[in-house]
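J.: starting from these lines, generate the structure:
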Amino acid sequence: MSGSRASQSQQNMAVAERGVPSRARSSTAPAAGAGYTITHAGRQIRFGPVAFWIAVGSVVVMAGWSAATATYFAFRDDVLKGLIARQAEQQFAY
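T.: Numbers count the residues shown, from 1 in each chain. This is a model prediction of the structure:
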């Protein structure tokens, strides 16, 4: 019985080497339009819809946080004054 298993695995390897997909691989293929693909320099990275929107949401939150921080530093006179004073002190120290 072990001889038939070995010959069967050799046949499966030969099929995989020829590029013919096996039944197991074809049944697990992703559905068309089931995700997003990023392509760069001949490489492709596939993301599912949930992972893609988590990444987009994270970028939007980081951009909003950066804009809020920049606005805070620009329009709060005491913070901006302190930053300028510290910079002047460091310049005079050298």
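J.: show me what the helix or strand harbouring residue 65 is packed against.
T.: Here residue 65 sits within helix 49-75, counting by DSSP states H and E. Helix 49-75 sits against helix 77-93, with contacts defined as 3 or more Cβ pairs under 8 Å, 6 or more residues apart in numbering; DSSP states H and E. C-beta coordinates here come from the backbone N, C-alpha and C atoms, glycine included.
J.: just give me the neighbour total for residue 55.
T.: 13 (other Cβ atoms under 10 Å).
J.: the lowest-mean-pLDDT helix or strand in the chain: what's the following helix or strand?
T.: Every helix and strand of the chain was ranked by mean pLDDT, DSSP states H and E. The lowest is helix 23-27, at a mean of 47. Counting by DSSP H and E, the element after helix 23-27 in chain order, helix or strand, is strand 36-40.
J.: quick one: the next helix or strand after that next one to helix 49-75, angle?
T.: Downstream of strand 36-40, the next assigned helix or strand under DSSP H and E is strand 43-47. For strand 43-47 against helix 49-75, the angle by axes from the mean of the first three to the mean of the last three Cα atoms, to 10 degrees is 90 degrees.
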